[in-house]
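Novice: No letters, just coordinates:
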């Protein structure tokens, strides 16, 4: 299973960016997402209940990269 980590990272940044409007501590989460390795990115997404099935790349997407 190949995950589109770039898309996942962008969606997590959007998620925390929205939270930043009401929760200043979300900035720490944004920094964590920006610097996270792929395995940590998956852990963050799971903690926030992201459906990782939405980030599975099909074979056509993998060949384009």
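Specialist: Sure, I can see it. Everything numeric here is computed off the predicted structure, so don't read it as measured data. Numbering: from 1, shown residues only.
Novice: all strands for the chain, in order.
Specialist: For the chain, no strands are identified by DSSP state E.
Novice: all helices of it, in order?
Specialist: Secondary structure of the chain, counting by DSSP state H: helices at 5-20, 26-35, 38-47, 59-64.
Novice: how about JSON lines for those helices, with mean neighbour count, distance to residue 53 and mean pLDDT added?
Specialist: The C-beta positions use only the backbone N, C-alpha and C, and glycine is treated the same way. Listed next are the helices of the chain as JSON lines, based on neighbours: other Cβ atoms under 10 Å; distance: least, Cβ to Cβ, whole Å; pLDDT from 0 to 100:
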{"stretch": "helix 5-20", "mean neighbour count": "15", "distance to residue 53": "12", "mean pLDDT": "95"}
{"stretch": "helix 26-35", "mean neighbour count": "14", "distance to residue 53": "20", "mean pLDDT": "96"}
{"stretch": "helix 38-47", "mean neighbour count": "14", "distance to residue 53": "11", "mean pLDDT": "97"}
{"stretch": "helix 59-64", "mean neighbour count": "8", "distance to residue 53": "14", "mean pLDDT": "54"}
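Novice: For stretch 12-30, measure first residue to last.
Specialist: Stretch 12-30 has its terminal residues 8 Å apart, counting by Cα to Cα, to the nearest Å.
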